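Undergrad: here's my sequence, what's the structure:
(one chain, ligands or ions: 1)
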Amino acid sequence: ATVAGALSIEALTAGYGGTSVLHDVSFALHPGEIVALLGANGAGKTTLLRTLAGLMPARSGSIRLDDVDLTDVATEQRARRGLALVPEGQSVVAELTVEENLRLGSLWRHKGASRDRAINGVYELFEPLARRRNSAGHQLSGGERQMLALGRALITEPVVLVLDEPSLGLAPLTIAKIFGALRDIAADRGLTVLLAEQNVTSALSIADRGIVLDLGKVVADAPSQDLLRDSTLRHAYLGF
Ligand code: ATP
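TA: Numbers count the residues shown, from 1 in each chain. Take a look at the predicted model:
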C-alpha cells in the first residue's frame, strides 16, 4: 500500500492509573499538512503524543494512518509504518557522538551504504551537525541537540512526524532556524507534521492549522490565521 500520511484520531481516551487525561479527542491530519497542537501546561499534549506513538495505550477510540488501524500496534511497528516521534528534551544519547546517535537511530531502516547515505543526508540538512559529528551528545548546544533529535527521526524516513516541544529552552533565533528548517523539509518531502508547542506564535508561524487542547479535550481546531485573530480564544487558552 502507498503511504500518503493521513492521520486520523477518533474519540481517543487515555490516562494514567485512575486518572483520565484525554477525553474523546478527535481530529484528522491531511497528508502534507503542518498542524500545531497547542494548550497550557498539563493540557494533555505529551499524553496525546505518547499515545499516538504507542508508548501508552489508548483506553478507547482509534488511531489510523491512511488505511491502517494503529490503535493496538506496537511502537516499533508504528515507526516502521512511518510514524516518527521526536520526544521532548533530552532524547539524544549524551555519551554517544552525533554520528553514533544517527547510526543507532537508523539501524532498523538502513544497512551498509544506504545508512551512510542517510547519515550524510542529515549532515546536508543540518550543517552544524556535520561539523560536530564526532562530538558527544552532552557537548552539543540546545539547538544542535534538537537538530540531532530531528535528524534521527528523519533518517527513519517517516511520513508523519510528531514533535514534542522542539522549541523548549532554545533562544528565539535558534527556534526560528529550526522551525524554518522543519517547514522546508516537510514541504520537500510532503511530510505530515504534528507539532506540540507552548510557543504558540512560533508554532503557528509555520503551521497551516492549530488544534487547542484544554483539560484533555479539543476546544478549537482552525486555520492558524483564525486562531491568531480570535482574541477570546487566545486569552482563554493560549495565554496572550
Ligand atoms: P506539558 O507542556 O507540561 O508537557 P502537556 O500538555 O504535555 O503539558 P501532559 O504532560 O500530557 O500535558 O499532562 C496532562 C496531565 O496528565 C497533567 O494533569 C499531568 O499531571 C498528568 N500526568 C502526566 N504524566 C503523568 C504520569 N506519568 N502519571 C500521572 N499523571 C500524569
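Undergrad: which non-adjacent residue is nearest Pro223?
TA: For Pro223, the nearest residue in space outside its immediate sequence neighbours is Arg209; the separation is 5.4 Å by CB to CB, 6 or more residues apart in numbering. Quick note: C-beta positions are derived from backbone N, CA and C, even for glycine.
Undergrad: helices or strands up against the lengthiest helix in the chain?
TA: Taking residue count as the measure and DSSP state H as the definition, the longest helix of the chain comes out as helix 172-189. Packed against helix 172-189 by the contact rule (3 or more CB pairs under 8 Å, 6 or more residues apart in numbering; DSSP states H and E) you find helix 142-154, strand 192-196, helix 200-206.
Undergrad: show me where the chain dips below the pLDDT cut-off.
TA: Per-residue confidence for the chain (pLDDT under 70) gives these ranges: 1-2, 89-90.
Undergrad: near the ligand, which residues of it?
TA: Where proximity means CB under 6 Å from any ligand atom, the interface of the chain facing the ligand comprises 16, 19, 21, 39, 41-47, 198.
Undergrad: can you turn the buried part of those residues into a ChimeraX selection?
TA: Of the residues of the chain next to the ligand, the buried ones go into a single ChimeraX selection, burial set by 16 or more other CB atoms under 10 Å:
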select :21,39,43,44,45,46,47,198
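Undergrad: and for the closest residue to Phe179 other than its chain neighbours, the neighbour number?
TA: Once flanking residues are discounted, Phe179 sits nearest to Ile206: 5.1 Å by CB to CB, 6+ apart. Ile206 has 20 neighbouring residues, counting by other CB atoms under 10 Å.
Undergrad: could you do Arg103 as well?
TA: 18.
Undergrad: surely it is in contact with Ala118?
TA: No. Judged on CB atoms under 8 Å, Arg103 makes no contact with Ala118 at a distance of 9.7 Å.
Undergrad: all helices of the chain, in order?
TA: For the chain, helices defined by DSSP H occupy the ranges 45-53, 75-80, 98-106, 112-125, 127-131, 142-154, 172-189, 200-206, 224-229, 231-233.
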